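Trainee: have a look; sequence and predicted model below, questions after that.
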Amino acid sequence: MKRFYNSCMNVNELERKGAQPLIEIIKQLGGWPVLDVRFEENDTIRNNDNNTWNENDWSLLDVHRKLNELGVIDDILKNQVLA
């Protein structure tokens, strides 16, 4: 909890890094079309890496597992349980 709090309070480091750490986590989770996307005439959603994103390929369970592997879920759950 203390590490989480301190990471939020280091304003200089937050400004230096910007949104990049969050963007990297989102990419590891399979991306988010809103961040880096173009819509084609046939309603295909394609990101700037030229990959297509398909809602049917997205799984909340997969995202949860990946978040857990990154330690994000554990930190959030511990904060909620211990609060």
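Mentor: Happy to help now that I have it.

Trainee: so where do the strands sit in the chain?
Mentor: With DSSP state E as the criterion, the chain has strands at 37-39, 45-47.

Trainee: tell me the mean pLDDT over the first one?
Mentor: Here the mean pLDDT over strand 37-39 is 59, rounded to a whole number.

Trainee: likewise for the last one?
Mentor: Along strand 45-47, the predicted confidence averages to a pLDDT of 58.

Trainee: where exactly do the helices run in this structure?
Mentor: All helices of the chain, identified by DSSP state H, fall at 2-9, 11-17, 20-28, 60-70, 72-82.

Trainee: can I get those in TSV including mean neighbour count and distance to Asn54?
Mentor: All C-beta spots, glycine's among them, are computed from the backbone N, C-alpha and C. Below are those laid out as TSV (neighbours: other Cβ atoms under 10 Å; distance: least, Cβ to Cβ, whole Å):
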stretch	mean neighbour count	distance to Asn54
helix 2-9	9	33
helix 11-17	9	31
helix 20-28	12	16
helix 60-70	12	13
helix 72-82	11	24
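
Trainee: how about those in a markdown table, adding mean pLDDT?
Mentor: Formatted as a markdown table, the helices of the chain follow (pLDDT from 0 to 100):
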| stretch | mean pLDDT |
| --- | --- |
| helix 2-9 | 72 |
| helix 11-17 | 85 |
| helix 20-28 | 82 |
| helix 60-70 | 83 |
| helix 72-82 | 57 |
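
Trainee: quick one: contacts for Lys66?
Mentor: When contacts are counted by Cβ atoms under 8 Å, 6 or more residues apart in numbering, Lys66 touches 28-30.

Trainee: quick one: it and Glu13, what's the gap?
Mentor: 24 Å (Cβ to Cβ, to the nearest Å).

Trainee: what's the closest non-adjacent residue to Val72?
Mentor: Distances taken as Cβ to Cβ, 6 or more residues apart in numbering put Ile25 closest to Val72, at 7.2 Å, once the chain neighbours are dropped.
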